[in-house]
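Asker: Sequence plus predicted model, see below.
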Amino acid sequence: MLKFFNNHPEIISIISEKKNGQMRLGGQNFLKNRKKFFDNLDIDLKDVISADICHGNKVEMVKNNKKKVYAKTDGLVTNKKEIILAVTVADCLPILFFEPKNKIIGVVHAGWRGIQKNIISRIIQKIKKLGGNVENLKVEIGPGIGKCHFEVREDVAIFFSNYK
């Protein structure tokens with residue numbers, strides 16, 4: 001289990017590993033695997049709000065734990081401490097956001113498509129809407145696919161030609 005924001009013990013920010021089993025919504029044994037994973041952390045699965053990723057740039061503000069899954073969404077943000085946000089990743093990057101002064105958290109599933117469609121700007125705008133200050137923002141990037149397993153070809157690189 002990978003932990004993030006170690007300097008901020010007031011939040012739980014973790015990533016499961018392959019050995020924890022399939023976590024993707026609808027994946028084989030996903031519900032059993034999620035329950036076991038969150039039970040080990042003393043987290044009730046009913047408090048977990050998930051993004052049903054679509055490799056896009058949609059970011060939702062989570063105001064309560066009534067809606068368990070946000071369809072066609074790659075980012076979630078909240079200022080409610082009783083809510084646990086979840087996205088699944090494999091090759092793509094999990095990017096975690098924490099604004100400590102106003103206690104705002106966010107997470108995105110960031111693949112090249114979402115990054116190209118400005119998902120990072122979109123989640124920062126949502127954090128600001130909740131009263132967050134960008135100057136206070138802490139960001140951590142989790143693991144993703146390495147260059148040894150993924151070649152960026154011209155059809156993808158063209159989208160990022162301005163970033164030389």
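Answerer: Okay, I see it. Residues are numbered from 1 along each chain as shown.

Asker: what about this protein, any weak spots by pLDDT?
Answerer: 1, 163-164 (pLDDT under 70).

Asker: in it, which spans are helices?
Answerer: 30-40, 112-116, 119-129, 154-157 (DSSP state H).

Asker: helices or strands up against the second one?
Answerer: In this case it means helix 112-116. Contacts defined by 3 or more Cβ pairs under 8 Å, 6 or more residues apart in numbering; DSSP states H and E place helix 112-116 against no helix or strand at all. C-betas here are computed from N, CA, C, even on glycine.

Asker: can you rerun that using 10 Å?
Answerer: strand 93-99, helix 119-129, helix 154-157 (3 or more Cβ pairs under 10 Å, 6 or more residues apart in numbering; DSSP states H and E).

Asker: I would like the residues contacting that helix, please.
Answerer: The contact list for helix 112-116 (Cβ atoms under 10 Å, 6 or more residues apart in numbering) reads 53-59, 74-75, 91-93, 95, 108, 119-123, 150, 152, 156-160.

Asker: got it, and the shortest one?
Answerer: The set of residues that contact helix 154-157 without belonging to it, under Cβ under 10 Å, 6+ apart, is 112-113, 116, 150, 161, 163.

Asker: now those residues in CSV, with neighbour count and distance to residue 15?
Answerer: Shown next, in CSV, are the contacts of helix 154-157 (neighbours: other Cβ atoms under 10 Å; distance: Cβ to Cβ, whole Å):
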residue, neighbour count, distance to residue 15
112, 17, 20
113, 16, 21
116, 13, 23
150, 12, 19
161, 8, 31
163, 6, 26
